[in-house]
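Enquirer: Fold the following.
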Amino acid sequence: MSDQVYLQSVAIIGAGMAGLTCATALQGLVRDVKVFEKEVFAGGRVNRFREREFEFNHGAQYFTVNHPLFWNIVQAWQSAGIVRPWDGWVVELNKGQVLNSGPSTQRFVGVPRMQVIIENLVGQCEIRTSTRVAEMEKQPDGRWLLFNDRGGYLGEFDAVIFATTANDLDELSRYSSEIKTQADKVDMTACWTGMFAFQEKLDIPYDAAFVLDSPLSWISRHQLTNQSESPDCWVLHATPEWSQKNLASFRGRIMHQLLEAFWQATGLEKFKPIFSSVHCWKMAAPINPIKQDCLFDEENAIGACGDWCTAARIEGAVLSGFSMADRVMKFLNKPTLKMEQAG
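Expert: Down below sits the predicted model:
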């Protein structure tokens, strides 16, 4: 009997870089792949903030490449015109003084914005946003029934993949204590992000900076490849320590303190912004990734992937997603599973 008769289906919970990468890698290899995302938009931290005419890459502003597999992917993205090298001037700052402005690692950005990478992946997937998977029910044949938070039926799947942050896996203990035990070892940092727009371009010659001895860890001028530089938009990331200490603070207070830290870091005179906003990434990055590409519990047909498995970078999320897809295919192609499905 041909393998083509077997009906295989995979559910992926989470539409960040890891989940979308896993989903696209499985396309054409698995009959049915569905991605469920609890938020209104896909992308996770590779997303943009937009209000009125102001736009910011308020999560990831760039990415780097180290692994050969990821380099092949980035080359394909370049050929498709959705990413390009970023030659922005990145420095180190300490209270207005530029300490290091030498050559740095090659960085890449999405064209015209980082979110284009997500949009490209979403276009290759079957995805349902604003959908929270709240209940899973294992069937006698090993498959899983999924339901949303209103009790609505979402489908039946041979395997379920959690592509969320490690701290979002609390419910997983009901289904796979093996994976939950590993996820519990990971600590996630918070990050307050400030977004400010100025009518005139600030007198800052560099494009971005790592900030030392400050509540801020990173500042970056937001640039779109197809738009003018006015207004001048800046993204400010606070340090994990400062963010955690001020996690429960009022947004207005956070906005004021981040802007004050910006003036101190750049050494500029204060200038009133024409737009201000803040966002708190409560699970911004893993402090101590588990150093495994992904996790998969074959007995329960449940997997987990994300940058918390590998490294707190876009590359880490992508490689984890690809590794997860490989583990799923090996599982689905096991002779014993095929016999059960055929029966």
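Enquirer: residue ranges with poor pLDDT in the stretch 101-250 of the chain?
Expert: For the stretch 101-250 of the chain, the stretches with pLDDT under 70 are 101-103, 223-230.
Enquirer: Swap in 80 and give it another go.
Expert: Within the stretch 101-250 of the chain, the set of residues satisfying pLDDT under 80 comprises 101-104, 170-173, 223-230.
Enquirer: just the helices in it please.
Expert: 115-122, 177-183, 240-245 (DSSP state H, counting those that start in this stretch).
Enquirer: Return the alpha-carbon coordinates of the first one using CSV.
Expert: Meaning helix 115-122. The C-alpha trace of helix 115-122 is given here as CSV (Å, rounded to 0.1, in the frame of the first residue of the first chain):
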residue,chain,number,x,y,z
GLN,A,115,7.4,42.4,9.5
VAL,A,116,7.7,41.6,5.8
ILE,A,117,9.5,38.4,6.8
ILE,A,118,6.5,37.3,8.8
GLU,A,119,4.1,38.3,6.1
ASN,A,120,6.1,36.1,3.6
LEU,A,121,5.8,33.1,6.0
VAL,A,122,2.2,33.6,6.8
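Enquirer: Show me what it packs onto, helices and strands only.
Expert: Applying 3 or more C-beta pairs under 8 Å, 6 or more residues apart in numbering; DSSP states H and E, one finds that helix 115-122 contacts helix 17-26. C-beta coordinates here come from the backbone N, C-alpha and C atoms, glycine included.
Enquirer: who are the neighbours of the helix it packs on, in terms of helices and strands?
Expert: strand 9-13, strand 32-36, helix 115-122, helix 314-332.
Enquirer: how about the ones you listed in CSV, adding distance to residue 63?
Expert: Shown next, in CSV, are the helices and strands packed on helix 17-26 (distance: least, C-beta to C-beta, whole Å):
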stretch, distance to residue 63
strand 9-13, 21
strand 32-36, 21
helix 115-122, 9
helix 314-332, 4
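Enquirer: Is it possible to get TSV of these that adds distance to residue 100 and mean neighbour count?
Expert: Below are those laid out as TSV (distance: least, C-beta to C-beta, whole Å; neighbours: other C-beta atoms under 10 Å):
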stretch	distance to residue 100	mean neighbour count
strand 9-13	41	25
strand 32-36	41	22
helix 115-122	29	20
helix 314-332	23	24
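Enquirer: Indicate which one of these is closest to residue 156.
Expert: strand 9-13 (6.8 Å; C-beta to C-beta).
Enquirer: Provide the strand pairings for that closest one, with the direction of each partner.
Expert: strand 32-36 (parallel), strand 159-162 (parallel) (DSSP bridges).
Enquirer: contacts for the longest one?
Expert: Strand 32-36 has contacts (C-beta atoms under 8 Å, 6 or more residues apart in numbering) with 7-15, 19-20, 23, 26-27, 42, 125-128, 131-133, 146, 154-155, 157.
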